[in-house]
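Novice: just need the structure, nothing else, for what follows:
(one chain, ligands or ions: 1)
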Amino acid sequence: MADKQTSSIHGEWSSRWAFILAATGSAVGLGNIWKFPYITGENGGGAFVLVYLVCIAVIGIPIMMAEVMLGRRGRSTPINTMKRLAMEAGQSKLWSFLGWSGMIAGFLILSYYSVIAGWSLAYIFKSASGEFTGSSAETISTLFGDFLAQPFEISLWHSVFMLITMVVVARGVRHGLEKAVRFLMPALFVLLLIMVGYAMNSGAFSDGLRFLFSPDFSKITGPGILVAMGHAFFTLSLGMGAIMIYGSYLPQNTSIAQTTFWIAGADTVVALLAGMAIFPIVFANGLEPGSGPGLIFVTLPIAFGQMPGGLFFGTLFFILLLFAAWSSAISLIEPAVTWLVENRNMQRFKACVYAGLATWLLGMGTVLSFNQWAEIKIFGKTFFDNLDFLTSNIMLPLGGLCIAIFAGWLLPRLMSADELAMKSDSQYELWRFLVRYITPIGVAIVFLKAVGFI
Ligand code: PFF
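Specialist: Take a look at the predicted model:
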């Protein structure tokens, strides 16, 4: 066995907490607050939430542990990590394709992620200028519709978001990433609690809870299950190397299992809180839960418009949402940037300019898919929907499947046991059982069900 490398050339987190915060920063983002509620609404509520939670527990957590483990063992970009570990394990160097597909998935996701983050950016100013104060649900829906109809304004916000993301990425691990997330995650959490408190008094809290938590299995379809599983990957930032690269900066003596539970737990709680804040408002105002990607941009402003101190809370909320998106965006592009630095010998700054410009350009497709190109559909979906479907529901689960197979079947047991250093043998055996059998079979069943095969 080759000597194992104990630190990455790109730096290392200052502590275990720094890793937890950064990985939570990557996991908690638009996926939890923007996407989880709207796809839950589109897929009928409770049963969808249940499938999502099961996927987090039996697929997401074991894969996250595998990704962190591979990252820390390889100490490099996902492409080079996979190449190195495959060679150590006596496997083909072609496993580096996992790093490639992850890098491409991150780039594709960021292109639309940035557009939605741009909406949050715009909504900071809309909220601060009092546009929501006292407005009716109808006015606020129209406001969002009008906002989406103008490609110029949305592309401007998308550009600003890409710029601020690339500035943090350009500054590197220690200086950029760590500092950006330290205070913002706890603040977002507190604000969500305040929103749930407001929702409790909205008059429809129990309707909201029932929608979220009482499963009606007649409402869930094969494709719905695929969306739930895809979202488990998306929300935990799995299947594309983001967590792997963060793992490569993880100090050697940190428990991977414990840190993973922390991250997955925090991520799930934030999503559920967002749902508990949003659905009561949806029902109290007679809105449609399945109204799509605009859901939080309509429901929350209605709440802010009505509640005391709404101008302040609304503005603060969109600021925090922006930060949550920002810390996720950083991890989406980090694999591409480090790869350019390692394999193309680029300066980090130059790598950021190239990666950032390409992502920005592709993001224009998403900008237009909400207006000028709204009617152009391939497979019945807009450009944005296709991009989201391809990445969340196909690329990430496939990436996760390969990670599970590599970590469970191909990596020598000695290596994974050594790197995971679990408290007891039975814990290690459980993890190994999950990545060898449950995860691959689970992903395969969901794919087959989605295409109507079973
Ligand atoms: N997990 C992020 C969210 O829920 O918003 C999105 C994301 C970040 C997905 C990083 C994938 C990734 F690698």
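
Novice: residue contacts, Ile225?
Specialist: 51, 446, 449-450 (CB atoms under 8 Å, 6 or more residues apart in numbering). The C-beta positions use only the backbone N, C-alpha and C, and glycine is treated the same way.

Novice: let's see 6 Å
Specialist: Contacts for Ile225 (CB atoms under 6 Å, 6 or more residues apart in numbering) come out as 51, 446, 449.

Novice: is the last one in a helix, a strand, or coil?
Specialist: Here Lys449 takes the helix state, with states given by DSSP: H, G, I helix; E, B strand; the rest coil.

Novice: so it makes contact with Gly222?
Specialist: Yes - using CB atoms under 6 Å, Lys449 is in contact with Gly222, at 4.2 Å.

Novice: turn the contacts of Ile225 into a markdown table, columns for pLDDT.
Specialist: What follows is the contacts of Ile225, written out as a markdown table (pLDDT from 0 to 100):
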| residue | pLDDT |
| --- | --- |
| Val51 | 97 |
| Val446 | 90 |
| Lys449 | 82 |
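
Novice: show me which residues of this protein sit near the ligand.
Specialist: 26-27, 29-32, 106, 109, 234-235, 237, 240, 242, 328, 331-332 (CB under 6 Å from any ligand atom).

Novice: ignoring the adjacent residues along the chain, who's closest to Val162?
Specialist: Actually, residue 162 is Met rather than Val. Residue nearest to Met162 in three dimensions, not counting chain neighbours: Trp360, with 4.6 Å by CB to CB, 6 or more residues apart in numbering.

Novice: now the one you found: how far from Thr165?
Specialist: As judged by CB to CB, to the nearest Å, Trp360 and Thr165 stand 10 Å apart.

Novice: look at the two and report which has more neighbours.
Specialist: A direct count of neighbours by other CB atoms under 10 Å for Trp360 and Thr165 places Thr165 higher, at 26 against 21.

Novice: what's near enough to touch that one?
Specialist: Ala329.

Novice: whatever residue of the chain ends up closest to the ligand in helix, strand or coil?
Specialist: Per CB to the nearest ligand atom, Gly31 is where the chain lies closest to the ligand, at 2.0 Å. Of the three states, Gly31 takes helix under three-state DSSP.

Novice: leaving out the residues flanking it, which one is nearest to it?
Specialist: Thr235 (4.2 Å).

Novice: for the one you found, what are its contacts?
Specialist: 31-32, 267.

Novice: cool, and Phe189?
Specialist: By CB under 6 Å, 6+ apart, the contact list for Phe189 is empty.

Novice: pop out the phi and psi values for it.
Specialist: Dihedral angles of Phe189 (phi, psi; degrees, to the nearest 10) stand at phi -60, psi -50.

Novice: do Lys381 as well
Specialist: phi -130, psi 150.

Novice: ok, it to Trp431 distance?
Specialist: Distance of Lys381 to Trp431, given as CB to CB: 36 Å.

Novice: low-scoring stretches of the stretch 101-250 of the chain, by residue?
Specialist: For the stretch 101-250 of the chain, applying pLDDT under 70 flags the ranges 173-181.

Novice: ok, for Phe370, nearest residue in space, not its chain neighbours?
Specialist: Leu148 (4.7 Å).

Novice: tell me, what residue is most central in this protein?
Specialist: Centroid-nearest residue in the chain, with CA atoms, centre = their mean: Thr235, separated by 3.6 Å.

Novice: CA atoms of stretch 136-151 as CSV?
Specialist: Provided in CSV are the C-alpha atoms of stretch 136-151 (Å, rounded to 0.1, in the frame of the first residue of the first chain):
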residue,chain,number,x,y,z
SER,A,136,-52.2,41.4,-0.8
ALA,A,137,-51.3,37.8,-1.8
GLU,A,138,-52.4,38.7,-5.3
THR,A,139,-50.2,41.8,-5.6
ILE,A,140,-47.2,39.8,-4.4
SER,A,141,-47.8,37.0,-6.9
THR,A,142,-48.0,39.5,-9.7
LEU,A,143,-44.8,41.2,-8.5
PHE,A,144,-43.0,37.9,-8.8
GLY,A,145,-44.5,37.2,-12.2
ASP,A,146,-43.4,40.6,-13.5
PHE,A,147,-40.0,40.1,-12.0
LEU,A,148,-39.5,36.8,-13.9
ALA,A,149,-40.7,38.3,-17.1
GLN,A,150,-37.7,40.5,-17.5
PRO,A,151,-34.5,38.7,-18.5
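
Novice: please compute how far that stretch lies from its chain's middle.
Specialist: Remark: stretch 136-151 is offset 26 Å from the chain centroid, using CA atoms, centre = their mean, to the nearest Å.

Novice: buried stuff in that stretch?
Specialist: Neighbour counts over stretch 136-151 (16 or more other CB atoms under 10 Å) mark 137, 140-141, 143-144, 147-148, 151 as buried.

Novice: also stretch 245-263?
Specialist: Neighbour-count burial for stretch 245-263 [16+ other CB under 10 Å]: 245-250, 254, 256-257, 259-260, 262-263.

Novice: also stretch 153-171?
Specialist: For stretch 153-171, using 16+ other CB under 10 Å, the buried residues are 154-155, 157-159, 161-162, 164-166, 168-171.

Novice: may I have it as CSV, with CA atoms only?
Specialist: This file holds the C-alpha atoms of stretch 153-171, laid out as CSV (Å, rounded to 0.1, in the frame of the first residue of the first chain):
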residue,chain,number,x,y,z
GLU,A,153,-33.0,42.3,-14.4
ILE,A,154,-32.6,38.6,-13.6
SER,A,155,-29.4,38.3,-15.5
LEU,A,156,-28.0,41.2,-13.7
TRP,A,157,-28.6,39.6,-10.3
HIS,A,158,-27.3,36.3,-11.6
SER,A,159,-24.1,38.1,-12.7
VAL,A,160,-23.7,39.7,-9.3
PHE,A,161,-24.1,36.4,-7.6
MET,A,162,-21.5,34.7,-9.8
LEU,A,163,-19.1,37.5,-9.2
ILE,A,164,-19.3,37.3,-5.4
THR,A,165,-19.1,33.5,-5.5
MET,A,166,-15.9,33.6,-7.6
VAL,A,167,-14.4,36.2,-5.3
VAL,A,168,-14.6,33.9,-2.3
VAL,A,169,-13.4,30.9,-4.3
ALA,A,170,-10.4,32.9,-5.6
ARG,A,171,-9.3,33.5,-2.0
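
Novice: no further queries at this time; thank you.
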